[in-house]
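Novice: sharing a sequence plus its predicted fold:
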Amino acid sequence: MTTAVRPPDFKSLFESAPGSFLVLDPDLVIVAVSDAYLRATMTSREEILGRGLFEVFPDNPDDPEATGEGNLRASLDRVSRDRVPDTMAVQQYDIRRPEAEGGGFEVRHWSPLNSPVLGPDGELAYITHRVTDVTEFVQLKQQDQLTTSLRQDNARMEAEILQRSRELQEANRRLRAADLAKSEYLSRMSHELRTPLNAILGFAQLLEMDELREDQQESLGYILSAARHLLALINEVLDIAAIEAGRLTLSLEPVWVADVVSETVSLIRPLADQQGILLVSPARTCDAHVLGDRQRLKQVLLNLLSNAVKYNRPAGSVHLTCEHVNGRLRVKVADTGPGIPAEALERLFVPFERLGSEHGTVEGTGLGLPLSKRLADAMGGSLELESIPQQGSTFWVELPLIEAPAEAAADLGAEPQPEPEQVEQTGHDLSVLYIEDNVSNLQLVERVMQRRGIALISAMRPQLGLDLAGEHQPDLILLDLHLPDMPGQEVFRRLRANAKTAEIPVVVLSADARPNLISRMLDDGVRAFLTKPLDVKQLLELIDAVADERARRMEIAP
């Protein structure tokens, strides 16, 4: 008979911890405190919880040279801004005595450490303030009551403490500088790699629309496959780097898992059919909502299903099921592949580690599983597995269950609406201006416009683009962001500030695919943000939509 294990009381464990801890919210309001901290500061939990830190612990008003509050506030500001721990040098910070003990302030010396606690979205949730009372040590040193040997020991200890403090502060400074340099490098690397890929993929997609010989179509297929593989690799590397830097943008919301599973399975089924793998997914087991990012969850499931199919045995099977586990939904992907040896499991989530499969025929980068695990962790979930050699592996992702939104629940029984037929349109009487300094990109878009019978107006300099926009007032403006003399964001601001161009829809075509940049530009009012390498079909659909809107306006015009 199994005895039920009572979950630990984390609140009691924290409050009774031997260290002196204080927990602050981002506004520096005290939200939790350990018993040791209360004893050290002669306070009670009832009198300090819910109050501001510096309201409870002000500087000693009788000491005009007191610097404790200022130093602590500066350290907390660094933690809030940089999201990294900050170790403070030993310093004096006097504590107010209770009135029952005579009131006033008592001289104290502390060794503080402030650390950030980040939420699932990477934003600051709390700051932990840990202190060690070193008053006795400092007072003994000041009173010179120690023996020569002890004074020497204490001098060495003080030197070590001060040196460690300086080293930690210098290390924090270097980490902040390295983090900033890494972000700038990744942004530049994204742009530099995507720009040539834009030409490769763009012109290849245009060739794909032409009538080619069978051998030419085959060669073109190799080009597209290799280019898309390289693009996927770039995206995965940048995603992993963004997660490690704490800059991944997530949109956490209630996600109906059955819908995501259905979409994912439909995308993987052609690959499974091609390799003779039976793909089984009873969607009813996944009829629940979790708290997560829909696109990122889909990305994780696509990777797990793709691996389960690619690394399976001939005529094998893949089963996707869901089950409720301790307030979470576990989405399991089980395969009948060769399994993973126990000694290799610890290397499974190491980037670029393929466990020897790089010598086989299955394409891969070794980034899918490390990225999936980091995404699951970033959404407040987990990714785990169990594997039996020669029998198969089961991977599962767990996310917190959440109540279904009222509007989503009302839609569950609604009949799916048929999608409108896509009718290709040609010969649009549109005028389009493209502000871009890269010749190959201009030529690519010019070729795309020719398929719709549109004459493209081009400008390789920002100011020329602004002048042409005001003079011609085109129906649509395509805008690159990395331009000489003036960034694309400033060009867009000036277009909006000019009465002649303020209402012209602007579409950004950029190799800079940072989610926060895309979100900011969309919020500022751009019609769409298309990342390079350019999806030609997506651009054509956008051109058709703008042309249809223009035609409707002309029909209703008096």
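Specialist: Sure, I can see it.

Novice: any idea which helix or strand in this structure has the lowest mean pLDDT?
Specialist: Within the chain, no helix or strand scores below helix 406-411, which has a mean of 42 by mean pLDDT, DSSP states H and E.

Novice: for Lys11, see how far away Pro120 is.
Specialist: Distance, Pro120 to Lys11, using CB to CB, to the nearest Å: 21 Å. Backbone N, C-alpha and C define where each C-beta goes, glycine included.

Novice: now do Met554
Specialist: Applying CB to CB to Met554 and Lys11 gives a distance of 67 Å.

Novice: contacts only, for Asp377.
Specialist: Leu383 (CB atoms under 8 Å, 6 or more residues apart in numbering).

Novice: wait, a strand at Ser75?
Specialist: No - under DSSP: H, G, I helix; E, B strand; the rest coil, Ser75 sits outside any strand and is assigned helix.

Novice: burial of it, as a residue count?
Specialist: As a burial measure, Ser75 scores 21 neighbours (other CB atoms under 10 Å).

Novice: likewise the one 4 residues further on?
Specialist: Per other CB under 10 Å, the neighbour tally for Val79 reads 21.

Novice: which parts of stretch 125-133 are buried?
Specialist: Neighbour counts over stretch 125-133 (16 or more other CB atoms under 10 Å) mark Tyr126, Ile127, Thr128, His129, Arg130, Val131, Asp133 as buried.

Novice: was I right to think the fourth one contacts Leu24?
Specialist: Yes - between His129 and Leu24 a contact is recorded at 6.3 Å, counting by CB atoms under 8 Å.

Novice: what is in contact with these two at once?
Specialist: Leu53, Leu76.

Novice: Pro120 and Lys11: who's more crowded?
Specialist: Pro120 (17 against 9).

Novice: not counting sequence-adjacent ones, nearest residue to the more buried one?
Specialist: Once flanking residues are discounted, Pro120 sits nearest to Gly380: 4.1 Å by CB to CB, 6 or more residues apart in numbering.

Novice: show me the helices in the stretch 101-250 of the chain, by range?
Specialist: If DSSP state H, counting those that start in this stretch is used as the criterion, the helices of the stretch 101-250 of the chain fall at 135-143, 148-208, 214-244.

Novice: low-confidence ranges in the stretch 51-200 of the chain?
Specialist: Within the stretch 51-200 of the chain, the segments meeting pLDDT under 70 span 141-153, 175-195.

Novice: specify the local secondary structure of Leu320.
Specialist: When the rule is three-state DSSP, Leu320 gets the label strand.

Novice: ok, now which ones touch it?
Specialist: Per CB under 8 Å, 6+ apart, neighbours of Leu320: Val261, Val265, Leu279, Val280, Ser281, Cys286, Leu301, Leu305, Val331, Lys332, Val333, Ala334.

Novice: any idea how far it lies from Leu301?
Specialist: 8 Å.

Novice: quick check: neighbours shared by those two?
Specialist: Joint contacts of Leu320 and Leu301 (CB under 8 Å, 6+ apart) are Val261, Val331, Val333.

Novice: what is the lowest-pLDDT residue among those?
Specialist: Least confident entry in those, by pLDDT: Val261, with 90.

Novice: export stretch 449-460 as PDB, just CAs?
Specialist: Output in PDB follows, covering the C-alpha atoms of stretch 449-460 (Å, rounded to 0.1, in the frame of the first residue of the first chain):
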ATOM      1  CA  MET A 449       5.700  42.800 -59.000                       C
ATOM      2  CA  GLN A 450       6.000  41.800 -62.700                       C
ATOM      3  CA  ARG A 451       3.800  38.800 -61.900                       C
ATOM      4  CA  ARG A 452       1.000  41.100 -61.000                       C
ATOM      5  CA  GLY A 453       1.700  43.600 -63.800                       C
ATOM      6  CA  ILE A 454       2.900  46.300 -61.400                       C
ATOM      7  CA  ALA A 455       5.600  48.800 -62.200                       C
ATOM      8  CA  LEU A 456       7.800  49.200 -59.100                       C
ATOM      9  CA  ILE A 457       9.100  52.600 -58.000                       C
ATOM     10  CA  SER A 458      12.400  52.100 -56.200                       C
ATOM     11  CA  ALA A 459      14.600  54.300 -54.000                       C
ATOM     12  CA  MET A 460      17.900  53.200 -52.600                       C
END
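
Novice: and the contacts of that stretch?
Specialist: By CB under 8 Å, 6+ apart, stretch 449-460 touches 206, 209, 425-428, 430-437, 439, 442, 445-446, 465, 468, 472, 474, 540, 543-544, 547.

Novice: which among the buried residues of stretch 125-133 gets closest to Ile402?
Specialist: Tyr126 (22.0 Å; CB to CB).

Novice: now do the closest one against Phe10, distance only.
Specialist: Taken as CB to CB, the span from Tyr126 to Phe10 is 14 Å.

Novice: try Val507
Specialist: 50 Å.

Novice: the two: who's more crowded?
Specialist: Val507 (19 against 8).

Novice: quick one: the more buried one is in a strand?
Specialist: Yes - applying three-state DSSP, one finds Val507 inside a strand.

Novice: name whatever forms a beta bridge with Leu509.
Specialist: Leu509 forms beta bridges with Leu530, as assigned by DSSP bridges.

Novice: that should have said Cys322, apologies.
Specialist: As assigned using DSSP bridges, the partners bridged with Cys322 are Val331.

Novice: pretty sure it sits against Ala288.
Specialist: Yes - Cys322 lies in contact with Ala288 (CB under 8 Å); the separation is 7.0 Å.

Novice: quickly list what's touching both of those two.
Specialist: Val257, Leu329.

Novice: which of the contacts of Leu320 count as buried?
Specialist: Val261, Val265, Leu279, Ser281, Cys286, Leu301, Leu305, Val331, Lys332, Val333, Ala334.

Novice: which one of these is nearest Phe57?
Specialist: Nearest to Phe57 among the buried ones among the contacts of Leu320, with distances taken as CB to CB, is Val331, at 47.3 Å.

Novice: distance-wise, check the closest one relative to Asp535.
Specialist: Applying CB to CB to Val331 and Asp535 gives a distance of 29 Å.

Novice: ok, now Gly316?
Specialist: In this view, Gly316 and Asp535 are 33 Å apart by CB to CB.

Novice: more neighbours: those two, which one.
Specialist: Gly316 (19 against 15).

Novice: now do the helices in the stretch 451-558 of the chain.
Specialist: 462-472, 488-497, 515-524, 536-556.

Novice: in the last one, what counts as buried?
Specialist: For helix 536-556, the neighbour count (16+ other CB under 10 Å) marks Val536, Leu539, Leu540, Leu542, Ile543, Asp544, Val546, Ala547, Arg550 as buried.

Novice: is it possible to get CSV of the residues you listed that adds distance to Val79 and pLDDT?
Specialist: Shown next, in CSV, are these (distance: CB to CB, whole Å; pLDDT from 0 to 100):
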residue, distance to Val79, pLDDT
Val536, 47, 85
Leu539, 44, 89
Leu540, 49, 88
Leu542, 44, 89
Ile543, 49, 89
Asp544, 51, 88
Val546, 47, 88
Ala547, 53, 87
Arg550, 53, 83
